[in-house]
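Participant: Provide a 3D model corresponding to the input given below.
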Amino acid sequence: MDFKQLETFIEVSKLKSFSKAADKLFITQPTVTNHIQNLEKELDTVLINRMGKTISLTKTGELLYKNALDITNAIAMTKFELDSFKGSIQGRLDIISSSVPRKYLLPGIINSFLSEHPDVTFSITNNDSKEVVSRILDGEYDFGLVGAKHESLNLEYIEIMNDKLVLITPLAFREDLNNFDEISINEIIDQNLIFREIGSGTRNAFENCLKSFEVNIEDLKIVANIEDTESIKELVSLGTGLSFISDKEIVNDLILKRYKVLNLKGSNLIRSFYFVYHKSRILSPLGKTFKDFVLNQ
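Facilitator: Predicted coordinates for the structure are as follows:
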């Protein structure tokens, strides 16, 4: 029984997709199909039900999946212990993160981890908080960093950093106000607003804030929904509208005087960032080492 075939079978089982498994393993989709077919031929059984684009495990597939995890984890643990004995832990960690922790939290974590394990490599993917959670639940990633909780019985969230949202406006907006002065919600309701996309932690935090003011988001003049914070800041600096962003994003821009920064009166725009992972998924030895490292930090 070929180890690569087992590894491919595990990824197809987790991701419920031949194409996603191919992307995860950096091989072609025909290779994935070939691995599964050879495994089924060797074991003389059907492992995967194929119904169009929908796939599921057969009873024998479910049995093999459980044992395949044990086999591959045992091999990985053996290699991990041998590498540790030789003083070198190797491997690649795939992490998915929303934008703010990816920029301002993850680099420090990676740098500290690499100081202890210099032979490890990282792959970082950026998505909004909702998509991060979705891809962890789908099995594409073991863990990630998010700015909003999307509740699931299968997920564990560990708070690791706090953050504050501030209002940024064009420099010409309200010349009677200076940086970090307060402004009321009623004074911005009729203004053009630029928001992050639905599913982002920044947007969720502001929507929750609106509820405390008993204001419906439909009553606001939203002129754009944008994924990229840099694009939002550029639009604000050009006078297109107002927006809310993390106070960690404004430091250099204040020096450059790109826009004005204000606080929203009577609001609690403090939010948390979380390290999120699947409660029951079996991690590789390297993955477990990284998770323990983050939690200890």
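Participant: show me the strands in the chain, by range?
Facilitator: Defined through DSSP state E, the strands belonging to the chain, from first to last, are 48-51, 54-57, 91-97, 120-126, 143-146, 155-169, 182-183, 192-196, 221-226, 242-246, 260-264, 270-278.
Participant: which residues are in contact with Arg91?
Facilitator: For residue 91 the amino acid is Gly, not Arg. Shown in contact with Gly91 (Cβ atoms under 8 Å, 6 or more residues apart in numbering): 80, 120-121, 284, 286. To be clear about C-beta, it is placed using only N, CA and C from the backbone, and glycine gets the same treatment.
Participant: and if we set it to 10 Å?
Facilitator: Listed by Cβ atoms under 10 Å, 6 or more residues apart in numbering, the contact set of Gly91 reads 76, 79-80, 83, 117, 119-121, 284-287, 289-290.
Participant: same thing with Leu69?
Facilitator: Under the contact definition (Cβ under 10 Å, 6+ apart), the residues listed for Leu69 are 6, 10, 13-14, 281-282.
Participant: likewise Ala68?
Facilitator: In this structure, Ala68 makes contact with 1, 3, 5-7, 9-10, 13, 39, 47, 61, judged by Cβ under 10 Å, 6+ apart.
Participant: apply 8 Å and report the result again.
Facilitator: Ala68 makes contact with 6, 9-10 under the criterion Cβ under 8 Å, 6+ apart.
Participant: same question, Ser112
Facilitator: Taking Cβ under 8 Å, 6+ apart as the contact definition, Ser112 lies against 293, 297.
Participant: residues of stretch 47-60 that come out buried?
Facilitator: Residues of stretch 47-60 classed as buried: 47-48, 55, 57 (neighbour count, 16 or more other Cβ atoms under 10 Å).
Participant: that should have said stretch 256-267, apologies.
Facilitator: The neighbour-count check on stretch 256-267 (16+ other Cβ under 10 Å) flags 258-264, 267 as buried.
Participant: coming back round to it: would you turn the buried residues of stretch 47-60 into a markdown table with pLDDT?
Facilitator: What follows is the buried residues of stretch 47-60, written out as a markdown table (pLDDT from 0 to 100):
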| residue | pLDDT |
| --- | --- |
| Leu47 | 92 |
| Ile48 | 92 |
| Ile55 | 87 |
| Leu57 | 91 |
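Participant: need the max-distance pair from those residues.
Facilitator: When Cβ to Cβ is used, the two most widely separated members of those are Leu47 and Ile55, lying 10.1 Å apart.
Participant: contacting residues for the residue nearest to Gln191 when sequence neighbours are not counted?
Facilitator: Excluding its sequence neighbours, the residue lying closest to Gln191 (Cβ to Cβ, 6 or more residues apart in numbering) is Leu242, at 5.2 Å. With contacts taken as Cβ under 8 Å, 6+ apart, Leu242 has the following neighbours: 167-170, 173, 188, 191-194, 236.
Participant: just give me the closest of those residues to His35.
Facilitator: Ranked by distance to His35 (Cβ to Cβ), those are led by Ile194 at 46.8 Å.
Participant: what is the burial count for that closest one?
Facilitator: Around Ile194 sit 21 other residues, with neighbours defined as other Cβ atoms under 10 Å.
Participant: which ones are touching it?
Facilitator: Contact criterion Cβ under 8 Å, 6+ apart gives 222-226, 232, 235-236, 240-243 as the residues in contact with Ile194.
Participant: can you do 6 Å?
Facilitator: Going by Cβ atoms under 6 Å, 6 or more residues apart in numbering, Ile194 touches 224, 232, 235, 241, 243.
Participant: ok, back up a step: filter the contacts of Gly91 to the buried ones?
Facilitator: Applying a neighbour-count criterion of 16+ other Cβ under 10 Å, the buried members of the contacts of Gly91 are 76, 79-80, 83, 117, 120, 284-287, 289-290.
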